[in-house]
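Undergrad: Let's see this in three dimensions:
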Amino acid sequence: MTGPAALLGRLRDRLVSGLHRGRVHPGDRLMSVRGVADEFGVNPRAVMDAYRVLEAEGLIEIRGRSGAYVAQQERLGGVLSETSRWLAGVVADGWMRHLALPQLVDLFARATMSRRLRCAFVESTEDHMVAFTAELETGFGLHCEAVHLPGALDDAGEHFDASGLQAALAVADFVATTVFHGALMRQVCEKAGKPLVVVSATSDLVRSVENHLRTKGTLTVVCVDPRFGERIRLVYAGNQHDVVRVVLAHDAWEVAQLDPQEPVLLTRAARRRLLDDVHLALVAPHSPTLSVESAREVAELIIRLNLGHDRPADGGPTGDRSGPPTAPAARPRVRL
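TA: Sure thing, here's the model as predicted:
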């Protein structure tokens, strides 16, 4: 059950994110109170209370029985007024800590952009790899190297020669993986002296999948690696094969049979494989995939590494000190 404060925060974050990314526009009608209540598993009164707070903040407009709509947003020099209020809050927080604005700007730059950090992302499925590395690169300015584990790897690490993996991680500032390989990578990273982040998916994605299964009874997953589909089946359907249907992106005939009006869980890797030629309704958007908790953990690690408080035991690479990170280029993939 989602509490009132958490519900308000999630609705606010979803709305603001949609405005900034151009997926939500002033005048758009929001989901009904009943729809939000069903999605989050809360009382409709709690949703109405949250909507009233968002209206008082100038983010939405409640039009009686007609419903709730996105309010008009003032733009200041191309920036949403909501963004300017957020920035003002950051500056005010700095002032409360006796940081003048120039000091705050310098601290932020040193803590986040002194080095372009290298992250080795370790996974065994293309679908998880593409989804998370895309967000780590674009959202955090990291240089991500995809390190593919053997497909049949046991997470306990039995009969696994880690020497090749350790060699691949030698140039990385830190390592990231998913919970599916968390236990193994903790052992490897301890030996290699590398910080490790075990990332998880955003609760919005989890909730969207669970809500779809609850209302529709079945879920179609369009992915590149069949093992990704098996993971979804295991996590959400207890391995019930009749509940989760897996369609591989390279199977043109199966993809062509999909109903474009029926929402599917389409991975970012599958969308790339299809070259955006197939238009399908989505159970959940491709971004964000990373959970708030994981994003915070990654951000804290970036700050520690930039400020030099958590350098890798082997000295690690110094990274590119020429300035802020540029758009990440396609990286070679290391297969073990």
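
Undergrad: how about the helices in this protein?
TA: Secondary structure of the chain by DSSP state H: the helices cover 4-20, 33-40, 44-56, 81-96, 101-113, 126-140, 163-169, 182-192, 203-216, 226-237, 252-256, 268-274, 292-306.

Undergrad: so the fourth one versus helix 101-113, what angle?
TA: The one in question is helix 81-96. Per axes from the mean of the first three to the mean of the last three Cα atoms, to 10 degrees, the angle that helix 81-96 makes with helix 101-113 is 100 degrees.

Undergrad: ok, the residue positioned nearest the centre of the chain - contacts?
TA: The centroid of the chain falls nearest to Leu290 when counting by Cα atoms, centre = their mean (2.1 Å). With contact taken as Cβ atoms under 8 Å, 6 or more residues apart in numbering, Leu290 is in contact with Phe132, Glu135, Leu136, Gly139, Val199, Ser200, Ala201, Thr202, Val298. From N, CA and C alone the C-beta is placed, and that goes for glycine too.

Undergrad: Which of those sits closest to Ser17?
TA: The shortest approach to Ser17 among the contacts of Leu290 belongs to Thr202, at 10.8 Å (Cβ to Cβ).

Undergrad: distance of Asp173 from Glu300?
TA: According to Cβ to Cβ, to the nearest Å, Asp173 and Glu300 sit 14 Å apart.

Undergrad: between these two, who's got more neighbours?
TA: Asp173 (26 against 12; other Cβ atoms under 10 Å).

Undergrad: correct me, but the more buried one touches Phe140?
TA: No. Here Asp173 lies out of contact with Phe140, judged by Cβ atoms under 8 Å, at a distance of 12.0 Å.

Undergrad: mind checking which of the helices of the chain is nearest His148?
TA: That would be helix 126-140 among the helices of the chain, by Cβ to Cβ, at 7.2 Å.

Undergrad: Tell me how far the closest one lies from the chain's centre.
TA: 8 Å (Cα atoms, centre = their mean, to the nearest Å).

Undergrad: what is the mean pLDDT for it?
TA: With pLDDT averaged residue by residue, helix 126-140 scores 94.

Undergrad: Output the contacting helices and strands for it.
TA: On a contact count with 3 or more Cβ pairs under 8 Å, 6 or more residues apart in numbering; DSSP states H and E, helix 126-140 meets strand 118-123, strand 143-148, strand 174-178, helix 226-237, helix 268-274, helix 292-306.

Undergrad: Include mean pLDDT and distance to Met31 when you put these into JSON lines, please.
TA: JSON lines is the format used below for the helices and strands packed on helix 126-140 (pLDDT from 0 to 100; distance: least, Cβ to Cβ, whole Å):
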{"stretch": "strand 118-123", "mean pLDDT": "94", "distance to Met31": "33"}
{"stretch": "strand 143-148", "mean pLDDT": "90", "distance to Met31": "34"}
{"stretch": "strand 174-178", "mean pLDDT": "95", "distance to Met31": "30"}
{"stretch": "helix 226-237", "mean pLDDT": "91", "distance to Met31": "22"}
{"stretch": "helix 268-274", "mean pLDDT": "91", "distance to Met31": "24"}
{"stretch": "helix 292-306", "mean pLDDT": "94", "distance to Met31": "21"}
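
Undergrad: residues contacting Ile232?
TA: Residues in contact with Ile232 (Cβ under 8 Å, 6+ apart) are Val209, Leu219, Val221, Val244, Val246, Leu265.

Undergrad: I meant to write Arg233 there.
TA: By Cβ under 8 Å, 6+ apart, the contact list for Arg233 reads Asn239, Gln240, His241, Val243, Val244, Val246.

Undergrad: Filter those down to the ones in strands?
TA: Secondary structure from DSSP state E places Val244, Val246 of these in strands.

Undergrad: Top of the contacts of Arg233 by number of neighbours, please.
TA: Val244 (24 neighbours).

Undergrad: State the distance from that residue to Asp204.
TA: Val244 sits 19 Å away from Asp204, going by Cβ to Cβ.

Undergrad: Could you do Arg273 as well?
TA: Arg273 is 24 Å from Asp204, where distance means Cβ to Cβ.

Undergrad: For Ala284, which non-adjacent residue is spatially closest?
TA: The shortest distance from Ala284 to any non-neighbouring residue, by Cβ to Cβ, 6 or more residues apart in numbering, is to Ser208 (3.9 Å).

Undergrad: And for His286?
TA: Arg268 (4.8 Å).

Undergrad: ok, the one you found - contacts?
TA: Counting by Cβ under 8 Å, 6+ apart, Arg268 touches Asp127, Val130, Ala131, Ala134, His286, Thr289.

Undergrad: just to revisit the earlier point, which residues does the residue nearest to the centre of the chain bridge with?
TA: The partner list for Leu290 in beta bridges (DSSP bridges) reads Ala201.
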